[in-house]
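Student: give me coordinates for this.
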Amino acid sequence: MLAFAETWRAENPAAARPWFYQGAALAALGRFVEAETSYRQALKLDAADFKTWNNLAGVLFDALNRPADAVQCLAQALKIDPASKLGWANLASMNGQLGRHAQALECAERALALDPQMVEAQLHRARAAQALGKMEIVRSASEALAQLPPEKFCRTQ
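Tutor: Numbering: from 1, shown residues only. I've put the predicted structure just below:
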C-alpha cells in the first residue's frame, strides 16, 4: 500500500487522498512520526476530512503519547462530522484512558444517541460509569449489551 500511495502522491501532489493512504500505510508499518507528517500534509490539502483527523488522533494518542494533541484532533473531526458515532466513541475511549470519566460518559452517550447498538460505546459508557460509581448506568449498559444480536459483537472495518 505504501508504494501505491507514494506513486499516487507523486502523480497527484495536490491531492489529499494519496497523503492519507501514505499515512495509513506508514502507521501500519509502525513509522508513526512519518505517518503524522503524511496525515498533516493531507490536512493541509483538505482540512475537512474526518478520517484524516480521526487517524491522526489515533497515531498521536496510541503511538506518539501526545494525548492533548489527539483530543484536539478528534474535536476538530467532530466539528466536521458531529454525527460520527465512531468519533464520539473514540473520544470516549481517549477521555476514559486519561481519567476524564465524566467526559468519557458524555461522549459515549453521544455515540449511543447516534447508534444505540454500538458495542464499543456501550462498553465505554459502562467503564466510565463504573469509575464514577454510577452503578445504575453500568447495569443499564450491561442489559443493553445483553439484548444485542451476536453479529453486533463482530468487528468490522
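
Student: enumerate every residue touching the most centrally placed residue in the chain.
Tutor: For the chain, the residue sitting closest to the mean C-alpha position, by Cα atoms, centre = their mean, is residue 90 at 3.8 Å. By Cβ atoms under 8 Å, 6 or more residues apart in numbering, residue 90 lies in contact with 54, 57, 58, 74. Using the backbone N, CA and C atoms, a C-beta is placed for each residue, glycine as well.

Student: assign a three-state SS to the third one, would you?
Tutor: Counting by DSSP: H, G, I helix; E, B strand; the rest coil, the backbone at residue 58 sits in helix.

Student: how about the helix or strand hosting residue 143: buried residues?
Tutor: Assessed by DSSP states H and E, residue 143 sits inside helix 135-147. Neighbour-count burial for helix 135-147 flags 137, 138, 141, 144, 145 (criterion: 16 or more other Cβ atoms under 10 Å).

Student: for residue 113, state which of these is nearest.
Tutor: Nearest to residue 113 among the buried residues of helix 135-147, counting by Cβ to Cβ, is residue 144 at 12.9 Å.

Student: relative to residue 125, how far out is that closest one?
Tutor: Going from residue 144 to residue 125 by Cβ to Cβ, to the nearest Å gives 9 Å.

Student: kindly report the same for residue 42.
Tutor: Residue 42 is 32 Å from residue 125, by Cβ to Cβ.

Student: adding distance to residue 20 and pLDDT, write the buried residues of helix 135-147 out as a markdown table.
Tutor: Output for the buried residues of helix 135-147, formatted as a markdown table (distance: Cβ to Cβ, whole Å; pLDDT from 0 to 100):
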| residue | distance to residue 20 | pLDDT |
| --- | --- | --- |
| 137 | 37 | 97 |
| 138 | 38 | 97 |
| 141 | 34 | 96 |
| 144 | 34 | 95 |
| 145 | 33 | 94 |
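
Student: what's the most distant pair in these?
Tutor: The widest separation within the buried residues of helix 135-147 (Cβ to Cβ) is 12.5 Å, between 137 and 145.

Student: between those two, what contacts are shared?
Tutor: residue 126.

Student: low-confidence ranges in the chain?
Tutor: 155-157 (pLDDT under 70).
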